[in-house]
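K.L.:
Quick one, what's the 3D model for this:
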Amino acid sequence: MSYFEIGIYHPKIKGNIGTLWRSAYQLGAAGIFTIGSRYKKQPSDCHKTMHQIPLRHYPAMDDFLRNRPRGAVLVGIETDGTPLTSFTHPAQAIYLLGAEDYGLPPNVLQVCNCVVSLESVVEAPYNVAIAGSLVMYHRCFLQR
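P.N.:
Below you'll find the model as predicted:
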């Protein structure tokens, strides 16, 4: 059985959580989460995503690690990882994105089972919600 969730570590821009949430719903995620930041409902949520898939909040990384789904592979999404185009998604995965301004810190990357990165034409990083959406899209439609 395939299963995945996606979340953001210390998100800075609240609108990115809403965008990621909607993409997660559209692409079949079991849920989304934040670590270190809370989310407030946005009036732009016209699909009532908050009633479709859950959003969980973990105050700190240790809380997340104690409560993450058993058997799921923790996949960091960060530069210098395995290129997405050659990445094989685990059947059971938890994808973790970093904050918009500094990404995933070294101590968080150390607990990830693997790290995947997104190729681009220019070096500027992707918006965090777009990066997560691309990874989920790749999982759902491009890797079969």
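
K.L.:
use CA for all of it now, contacts and neighbours both
P.N.:
OK.

K.L.:
Can you mark which positions in the longest helix seen in the chain are buried?
P.N.:
The single longest helix within the chain, with elements called by DSSP state H, is helix 14-26. For helix 14-26, the neighbour count (16 or more other CA atoms under 10 Å) marks Gly15, Asn16, Ile17, Gly18, Thr19, Leu20, Trp21, Arg22, Ser23, Ala24, Tyr25 as buried.

K.L.:
what's the answer for stretch 91-110, then?
P.N.:
Across stretch 91-110, burial judged by 16+ other CA under 10 Å covers Gln92, Ala93, Ile94, Tyr95, Leu96, Leu97, Gly98, Ala99, Glu100, Gly103, Leu104, Leu109.

K.L.:
The second one against Gly7, yeah?
P.N.:
It refers to Ala93. No - between Ala93 and Gly7 there is no contact under CA atoms under 8 Å: 11.3 Å.

K.L.:
Between these two, which contacts overlap?
P.N.:
When CA atoms under 8 Å, 6 or more residues apart in numbering defines a contact, no residue borders Ala93 and Gly7 alike.

K.L.:
one step back: CA-only coordinates of the longest helix of the chain in PDB, if you can.
P.N.:
Extracted in PDB, the C-alpha atoms of helix 14-26 (Å, rounded to 0.1, in the frame of the first residue of the first chain):
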ATOM      1  CA  LYS A  14       2.100  31.200   5.900                       C
ATOM      2  CA  GLY A  15       0.600  31.300   2.400                       C
ATOM      3  CA  ASN A  16       3.000  28.600   1.300                       C
ATOM      4  CA  ILE A  17       1.400  26.200   3.800                       C
ATOM      5  CA  GLY A  18      -2.000  26.700   2.200                       C
ATOM      6  CA  THR A  19      -0.600  26.200  -1.300                       C
ATOM      7  CA  LEU A  20       1.200  23.000  -0.300                       C
ATOM      8  CA  TRP A  21      -1.900  21.800   1.500                       C
ATOM      9  CA  ARG A  22      -4.000  22.200  -1.600                       C
ATOM     10  CA  SER A  23      -1.400  20.500  -3.800                       C
ATOM     11  CA  ALA A  24      -1.200  17.600  -1.300                       C
ATOM     12  CA  TYR A  25      -4.900  17.100  -1.400                       C
ATOM     13  CA  GLN A  26      -5.000  17.200  -5.200                       C
END
